[in-house]
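1. Structure for the following, please:
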Amino acid sequence: MLLAMDVGNTNTVVGAFDGERLVEHWRIETSPHKTADEYGILLTQMFAHRGVDSSRIEAVAVSSVVPPMQFAVRVMARRYFGCEPFFVTHKCQTGMPILYDNPSEVGADRIVNGVAAYERYRCPLIVVDFGTATTFDAVTSRGEYLGGVIAPGISISMEALFRSASKLPRVEFSRPERVIGKNTIASMQSGIVYGYVSMVDGLCDRIVQELGERPKVVATGGLAPLLAGASKCIDAVEEFLTLEGLRIIHGRNRGE
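-> Residues are numbered from 1 along each chain as shown. Here you go, the predicted model:
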């Protein structure tokens, strides 16, 4: 079995694969202050709770945008799963040429998303990942990673609004029925949801103009299902795109 870990700035998504099948998945808080033992015990307990035999893990594949986490993850993989973790970078055998000015600047999560989306759809793509930052990644019809956009994430925007406007309360991230809010909470929810969706649709339109070909727009990330329903551009939601990409790239680097 393969343990796949996508270490993001806010959350870490974990998945266990038996061959190509995603057996189970979890989402935990990313904390650079946790030790390797804390992560190891947490993961083995989560495995046991879902009835997954953690002793069957033979390999660990990781995409991470949090450098301080690398040491803890490496020690955890060695101590609790008996293997050396595989970290995705631009130097890996990804099967996807990276046309960024400096390929080393491309986050591992963005590479993984692009690879997984192209492997699934085999067409020009825009991959939108709703994480701590919202990223847009453009992939050509030839399977080349062209580049993209990095924008503030929804949670960051909501927190900034709450902190900077003393009379505005924290609100649930929920899609209101109308754009024109009749109270403060509904007005804030409208601005957050429909304002963000408008940004996504607007940026996708601009990327399409530069690509010169009509791409499929694929969304991933925890908030993707909610936003996709209000978007005019998003064609598909792939909840486990990053985990699938980790599985694919790990396999390619093992010659599978």
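2. show me what contacts the closest residue to Asp18 other than its chain neighbours?
-> Of all residues not flanking Asp18 in the chain, Met1 sits nearest, at 5.3 Å (C-beta to C-beta, 6 or more residues apart in numbering). All C-beta atoms are positioned from the backbone trio N, CA, C, and that covers glycine. Contacts for Met1 were tallied using C-beta atoms under 8 Å, 6 or more residues apart in numbering; they are Ala16, Phe17, Asp18, Val23, Arg56, Ile57, Glu58, Ala59.
3. The first one contacts Leu43, doesn't it?
-> Put plainly, it is Ala16. No - using C-beta atoms under 8 Å as the test, Ala16 is too far from Leu43 to be in contact (9.5 Å).
4. can you list residues touching both of these two?
-> Residues touching both Ala16 and Leu43 by C-beta under 8 Å, 6+ apart: Leu3.
5. Show me where this protein has its strands.
-> Along the chain, the stretches classed as strands by DSSP state E are 2-7, 11-18, 21-29, 59-64, 86-87, 125-130, 133-139, 145-152, 216-220, 236-237.
6. so which of those strands comes closest to Leu99?
-> Nearest of those to Leu99, taken as C-beta to C-beta: strand 145-152 at 5.4 Å.
7. how about that closest one: buried residues?
-> Residues of strand 145-152 classed as buried by neighbour count (16 or more other C-beta atoms under 10 Å): Tyr145, Leu146, Gly147, Gly148, Val149, Ala151.
8. ditto for stretch 233-250
-> Across stretch 233-250, burial judged by 16+ other C-beta under 10 Å covers 233-234, 236-250.
9. now the contacts of Met1: which count as buried?
-> Ala16, Phe17, Val23, Ile57, Ala59.
10. May I see those arranged in TSV, with pLDDT as well?
-> Shown next, in TSV, are the buried ones among the contacts of Met1 (pLDDT from 0 to 100):
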residue	pLDDT
Ala16	97
Phe17	97
Val23	96
Ile57	96
Ala59	97
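11. Out of those residues, which two are the most distant from each other?
-> Farthest-apart pair in the buried ones among the contacts of Met1 is Val23 and Ala59; separation 14.1 Å (C-beta to C-beta).
12. ok, the residue lying closest to Arg247 once chain neighbours are set aside to His49 distance?
-> Distances taken as C-beta to C-beta, 6+ apart place Phe17 nearest to Arg247, at 5.2 Å, with adjacent residues excluded. Counting by C-beta to C-beta, to the nearest Å, the gap from Phe17 to His49 is 18 Å.
13. Arg27: neighbour count?
-> 13 (other C-beta atoms under 10 Å).
14. beta partners of it?
-> Beta-bridge partners of Arg27, counted by DSSP bridges, are Val13.
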